[in-house]
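S.K.: Dropping the sequence and predicted coords here.
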Amino acid sequence: RKEVEQDPGPFNVPEGATVAFNCTYSNSASQSFFWYRQDCRKEPKLLMSVYSSGNEDGRFTAQLNRASQYISLLIRDSKLSDSATYLCVVNPNSGYALNFGKGTSLLVTP
Amino acid sequence: DAGITQSPRYKITETGRQVTLMCHQTWSHSYMFWYRQDLGHGLRLIYYSAAADITDKGEVPDGYVVSRSKTENFPLTLESATRSQTSVYFCASFQRDRANEAFFGQGTRLTVV
């Protein structure tokens, strides 16, 4: 079983829609969680960290459920520029390598 | 300029040749990583390093060698390139702190023919 699993999509949504991605992880001792964004043929970039209490950054909301070992990302009022691949990332042990999910592809259409 | 840079950006090499991908970061981050990204597999960790002279294998280390004699450099060598090593390679650096954000280089697109 992969350590980090995501639905690959693609998710095709119209502008203005709300879309949610989920991600599950297998290592219950994991300590840090992130969502990264990757545009086509570019390097991944941090979108937001995910905190235990949940956190929001503008139109983006991230939540963590440790009991069920899943992470979610909610995007409200989708923009065309949100089209990208969203990578769920888990740090299994503080300070060590990051484990990436395969990514969820989002396409926002006019 | 500050940041993390990879070179070359594009490389075509022949099967059996040795090729080295370079990675340089200017932040003095302790941790550095090499990932490869292939369709259907996502990002897979090849090797990582916690500090100069400390390296460890990741998920897919076979056929690769790394070194880290200086904190800022983390070269990845393919000892004898194979077609299955055709991929996009990303180097990343990370400093354990409150943000715990990993920064990636722009990637090296390697084709083995």
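M.R.: Happy to help now that I have it.

S.K.: Which neighbouring elements make contact with the lengthiest strand in chain B?
M.R.: In chain B, taking DSSP state E as the definition, the longest strand is strand B:42-51. Judged by 3 or more C-beta pairs under 8 Å, 6 or more residues apart in numbering or on different chains; DSSP states H and E, strand B:42-51 is in contact with strand A:99-100, strand B:31-38, strand B:54-57, strand B:64-66. Bear in mind the C-beta positions are built from the backbone N, C-alpha and C, glycine included.

S.K.: Let's have these in JSON lines, adding mean neighbour count and mean pLDDT.
M.R.: Converted to JSON lines, these look like this (neighbours: other C-beta atoms under 10 Å in any protein chain shown; pLDDT from 0 to 100):
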{"stretch": "strand A:99-100", "mean neighbour count": "24", "mean pLDDT": "88"}
{"stretch": "strand B:31-38", "mean neighbour count": "23", "mean pLDDT": "94"}
{"stretch": "strand B:54-57", "mean neighbour count": "14", "mean pLDDT": "93"}
{"stretch": "strand B:64-66", "mean neighbour count": "18", "mean pLDDT": "97"}
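
S.K.: Can you add distance to residue A:70 and give the ones you listed back as TSV?
M.R.: Shown next, in TSV, are these (distance: least, C-beta to C-beta, whole Å):
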stretch	distance to residue A:70
strand A:99-100	14
strand B:31-38	23
strand B:54-57	28
strand B:64-66	32
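
S.K.: Out of the ones you listed, flag the one nearest residue A:71.
M.R.: Among the helices and strands packed on strand B:42-51, the nearest to residue A:71 by C-beta to C-beta is strand A:99-100 (12.1 Å).

S.K.: Could you check the helix or strand just after the closest one and say which residues are buried?
M.R.: For strand A:99-100, the following helix or strand on the C-terminal side (DSSP states H and E) is strand A:104-109. Buried residues in strand A:104-109, counted by 16 or more other C-beta atoms under 10 Å in any protein chain shown: A:104, A:105, A:106, A:108.

S.K.: any chance of these in a markdown table, plus distance to chain B and pLDDT?
M.R.: As requested, these are exported to a markdown table (distance: C-beta to the nearest C-beta, whole Å; pLDDT from 0 to 100):
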| residue | distance to chain B | pLDDT |
| --- | --- | --- |
| A:104 | 11 | 94 |
| A:105 | 12 | 94 |
| A:106 | 15 | 96 |
| A:108 | 22 | 97 |
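
S.K.: Kindly check the end-to-end length of stretch A:89-97 for me.
M.R.: 10 Å (C-alpha to C-alpha, to the nearest Å).

S.K.: let me redo that: stretch A:67-81
M.R.: 33 Å.

S.K.: do the same with stretch A:72-90
M.R.: End-to-end for stretch A:72-90, by C-alpha to C-alpha: 12 Å.

S.K.: any residue of that stretch up close to chain B?
M.R.: Yes: using C-beta under 8 Å from any C-beta of the partner chain, stretch A:72-90 reaches chain B at A:87, A:89.

S.K.: now that stretch: mean pLDDT?
M.R.: Taken as a whole, stretch A:72-90 carries a mean pLDDT of 96.

S.K.: so residue B:79 makes contact with residue B:19?
M.R.: No: shown here, residue B:79 and residue B:19 do not form a contact pair, counting by C-beta atoms under 8 Å, at 9.1 Å.
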